[in-house]
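1. what follows is a predicted protein model with its sequence.
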Amino acid sequence: MKALRWYDSRDVRMEDAPDPRISDPKDAILRVTSTSICGSDLHLYDGFVATLEKGDILGHEFMGEVMEVGAAVKSVRPGDRVVVAFPVSCGECVYCQKGQFSLCHNSNPNKDLQHKFLGNHTAAIYGYSHMFGGLPGGQAQFVRVPYADIGMLKVPSALPDEKVLFLSDIFPTGYNAAENCDLKGGETVAVWGCGPVGQFSIRSAFLLGAERVIAIDHVPERLEMAKKAGAITLNFDEVKVHDQLMEMTRGHGPDACIDAVGMEAHEGGFIGMYDKIKQVARLQTDRPFVLRQAIMACRKGGVVSVMGAYGGFGDKIPLGAMFNKALTIRQCQAHVQKYWHKLLDMVESGAIDPSFVVSHRMPLSETVEGYKMFLEKRDGCTKIVLKP
């Protein structure tokens, strides 16, 4: 089969790879019909995620047709059309039973490796380094899906791929981000980052009762997309974000702040240069500027929801502000399967059409060019769907 394989920072190649095989009775083999490039994939592309090995197959947002199932698989059959959750979850451990699917205790075969980085282990993730299991990802023609009964969601034939593909990751991630904010109705929510996760965070915050959503970015296409969702937009190149948020909230700050950016936040000036130098020198793994800003801006007693991916260590986190303002910090890899059915119902009812985020469509053979385009935000690129 053909698959997108990683070799080094900004060196990915479309190559031949071994066809996947059933290796456990709970496995299924999927023929990929649609996949995409996630913002988190850019962290791998830029070389900021440890334990990648040359030849690893990338990609964790994908869907397709079931081709083969193991003897223990009960909920799906060959021919079924399914979306696959990016966290691999067993469905049986104490964490899965609580709905904390991305914390699965059994799915990651490289537990000892992850203990060294995180102090414990979490769920495996497709195509996201050996620390997260070393599983081949979905930017390929075929994928082996472990724990298929838990990791696959059957979708109606009437819904096109682009309306359901993002149930694999970015739609549940954005919804999880908004749910973390503990909205009761009438709140002001600030969202840093108007990429795909930020867009779904904005729409989910409104769905959960926010009165105002303030969207922060500097890419015109992203800001325009956020505005169409009803958000008030701030271009961080044109305003001092903290001062503007204080003015808009009568000096209190937003009730909740969502970091939908993660480890590669952009910022000019001294602090931006400081973060970049430390990251390139491997003195810190992440550029936590957005996280710092969200903590400083959030109102006293408010919530900071962190759904942008972080990989390891960041410098100068304002712990004093977190403590003295009595902030609640909530973060996680999204518990995708927890939200699947609710969000699919929203798509089927027409409450939301997730395909709004798609700006480009490419054949899988052009994935290398797709990475470059997405990284550079060329041609108004917000989200690329790849077709094997």
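-> Arrived safely. Numbers count the residues shown, from 1 in each chain.
2. mind checking how far the residue lying closest to H218 once chain neighbours are set aside is from G380?
-> Distances taken as C-beta to C-beta, 6 or more residues apart in numbering place D237 nearest to H218, at 4.6 Å, with adjacent residues excluded. (C-beta placed from N, C-alpha, C; glycine too.) Relative to G380, D237 is positioned 17 Å away (C-beta to C-beta, to the nearest Å).
3. give me the more crowded residue out of these two.
-> When D237 and G380 are compared on other C-beta atoms under 10 Å, the one with more neighbours turns out to be G380, at 14 against 10.
4. phi and psi next, for that one.
-> Dihedral angles of G380 (phi, psi; degrees, to the nearest 10) stand at phi 60, psi 30.
5. go on, the one 5 residues further on?
-> Main-chain dihedrals, V385, degrees, to the nearest 10: phi -100, psi 130.
6. what's the burial count for it?
-> 21.
7. what of R21?
-> If you count neighbours by other C-beta under 10 Å, R21 ends up with 10.
8. mind listing what it touches?
-> I29, R144 (C-beta atoms under 8 Å, 6 or more residues apart in numbering).
9. from D149, how far out is it?
-> 19 Å.
10. likewise G70?
-> When distance is defined by C-beta to C-beta, G70 is 10 Å away from D149.
11. worst-scoring helix or strand of this structure, pLDDT-wise?
-> helix 269-280 (a mean of 66; mean pLDDT, DSSP states H and E).
12. next SSE downstream of it?
-> Per DSSP states H and E, the first helix or strand lying C-terminal to helix 269-280 is helix 289-297.
13. against which helices or strands is that next one packed?
-> Identification of packing neighbours for helix 289-297 by 3 or more C-beta pairs under 8 Å, 6 or more residues apart in numbering; DSSP states H and E yields strand 188-192, helix 241-248, strand 256-259, helix 269-280, strand 303-306, helix 319-324.
14. 6 Å instead, please
-> In this structure, helix 289-297 makes packing contacts with strand 256-259, helix 319-324, judged by 3 or more C-beta pairs under 6 Å, 6 or more residues apart in numbering; DSSP states H and E.
15. where does the stretch 201-350 of the chain have low pLDDT?
-> Regions of the stretch 201-350 of the chain meeting the criterion pLDDT under 70 cover residues 266-285.
16. returning to what we had before: so the residue nearest to H218 sits in a strand?
-> No: under the criterion used here (DSSP: H, G, I helix; E, B strand; the rest coil), D237 is coil, not part of a strand.
17. isn't it right next to D217, touching?
-> No: look at D237 against D217 with C-beta atoms under 6 Å: they stay out of range, at 9.5 Å.
18. list the buried ones in stretch 189-206?
-> Taking 16 or more other C-beta atoms under 10 Å as the neighbour-count basis, stretch 189-206 is seen to contain the buried residues 189-206.
19. which non-adjacent residue is nearest V145?
-> Nearest-residue entry for V145: A28, 4.7 Å, with adjacent residues in sequence omitted and distances by C-beta to C-beta, 6+ apart.
20. run through the bridge partners of the one you found.
-> When bridges are taken as DSSP bridges, the partners of A28 come out as V69, V145.
21. same question for D259.
-> According to DSSP bridges, the residues that bridge with D259 are W192, V306.
22. now do the buried residues in stretch 124-135.
-> Buried residues in stretch 124-135, defined by neighbour count with 16+ other C-beta under 10 Å: A124, I125, Y126, G127, Y128, S129, H130, M131, F132, G133, G134, L135.
23. outside of stretch 120-137, which residues touch it?
-> 49, 51-52, 57-60, 86-89, 102-104, 107-111, 113-115, 117, 138 (C-beta atoms under 6 Å, 6 or more residues apart in numbering).
24. pull the distance from it to the chain's centre.
-> 14 Å (C-alpha atoms, centre = their mean, to the nearest Å).
25. thinking again about what came up before, how about TSV for the buried residues of stretch 124-135, with secondary structure and distance to F289 added?
-> Formatted as TSV, the entries for the buried residues of stretch 124-135 read as follows, by DSSP: H, G, I helix; E, B strand; the rest coil; distance: C-beta to C-beta, whole Å:
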residue	secondary structure	distance to F289
A124	strand	30
I125	strand	25
Y126	coil	29
G127	coil	27
Y128	coil	23
S129	coil	24
H130	coil	28
M131	coil	24
F132	coil	25
G133	coil	30
G134	coil	31
L135	coil	31
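26. show me the two of those residues that sit farthest apart.
-> Y126 and M131 (13.3 Å; C-beta to C-beta).
27. doesn't H43 lie inside a strand?
-> No: remark: H43 does not belong to a strand; assigned using three-state DSSP, it is helix.
28. contact partners for the residue nearest to it when sequence neighbours are not counted?
-> Spatially, and ignoring its direct neighbours in sequence, H43 is nearest to V49 (5.2 Å; C-beta to C-beta, 6+ apart). Going by C-beta under 6 Å, 6+ apart, V49 touches H43, S129, G311.
29. so where do the strands sit in the stretch 51-200 of the chain?
-> Secondary structure of the stretch 51-200 of the chain (DSSP state E, counting those that start in this stretch): strands at 56-57, 62-69, 81-84, 87-88, 124-125, 142-145, 152-154, 188-192.
30. who touches the first one?
-> For strand 56-57, the surrounding residues in contact (C-beta under 6 Å, 6+ apart) are A3, R5, W6, A17, G127, P136, G137, A140.
31. adjacent strands (with direction) for that strand?
-> strand 2-8 (antiparallel).
32. rewinding a little: out of the helices and strands packed on helix 289-297, which gets nearest to K338?
-> strand 256-259 (18.0 Å).
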